[in-house]
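Q: Quick one, structure for this:
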Amino acid sequence: MRDASPHPELRFPLERLQRLDPNREWKVEFQASLLQDLDSPLQVGDVSLASDEVVLVDLLVDQVRGGVTVNGRVSVNWNAECSRCLRHVDGCAIAEVEELFEEHPREGESYQLGEEFIDLAPMIRDAVLLELPVGVIRCAALEECLVAAPAYQVSDDNSDEDGDTTESKDPRWAALDDLTFDEE
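A: From the prediction side, this is the model:
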């Protein structure tokens, strides 16, 4: 029986481990679109991978009793918006992997070992998703970020002695200024 995988670039042939001089290293570069489902970007919150982003995989594969171990590194660049100034922010996610592939995988503990190939795609996808940052993303340069942060001036009806008071507000919340509530 042949292993069918939608990602032939991410299949490691097991025959490489059965040679007299086994070739255990697996280095591959591929587009992040191979890890995506139906044209939706690989994303965690506001952090995503562009489909044309290159994923670098550098693994060492070794046969052990009852399975195959995969150790190494997966790295990819991610994109997001700064939560303060809304400018483009990017970074690099680097996942160190130490995984076991077995004929009868245990959920959450190991991956499926095929008869002729190991499909590395599920492991790589899981590793990348776990390394993407979660939460607030901010620019590295705080001063530049504060200057670039969008703001608009609002005149206050309760002006001070000079008769002129302005308040700086974030334009992302501008629609709330027009919100009114009926008082009963």
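Q: Just the pLDDT at Gly114, thanks.
A: pLDDT, Gly114: 88.
Q: Relative to Gly67, how far out is Ser33?
A: With distances taken as Cβ to Cβ, to the nearest Å, Ser33 is found 29 Å from Gly67. The C-beta positions use only the backbone N, C-alpha and C, and glycine is treated the same way.
Q: So for the two, which residue has more residues nearby?
A: Gly67 (19 against 15; other Cβ atoms under 10 Å).
Q: from what I can see Leu132 touches Val44, true?
A: Yes: counting by Cβ atoms under 8 Å, Leu132 does reach Val44; the two are 4.4 Å apart.
Q: does Ala175 count as helix, strand or coil?
A: Judged by DSSP: H, G, I helix; E, B strand; the rest coil, the three-state class of Ala175 is helix.
Q: Counting neighbours, what do you get for it?
A: Look at Ala175: counted by other Cβ under 10 Å, it has 8 neighbours.
Q: distance of it from Pro22?
A: 62 Å.
Q: swap in Ile124?
A: Using Cβ to Cβ, Ile124 is found at 22 Å from Pro22.
Q: more neighbours, these two?
A: More neighbours surround Ile124 than the other of Ile124 and Pro22, with 26 against 13 (other Cβ under 10 Å).
Q: Can you tell me the centre-most residue of the protein?
A: Leu132 (3.9 Å; Cα atoms, centre = their mean).
Q: what ranges of the protein fall below the confidence cut-off?
A: Along the chain, the model assigns pLDDT under 70 to residues 1-8, 37-41, 136, 140-172, 184.
Q: Show me the domain layout of it.
A: With domains defined by automatic domain parsing, the chain comprises 8-131, 142-178.
Q: which of these sits most buried?
A: Counting by mean count of other Cβ atoms under 10 Å, domain 8-131 has the highest mean neighbour count of these, with a mean of 16.
Q: gap between Ala121 and Asn23?
A: For Ala121, the distance to Asn23 - Cβ to Cβ - is 20 Å.
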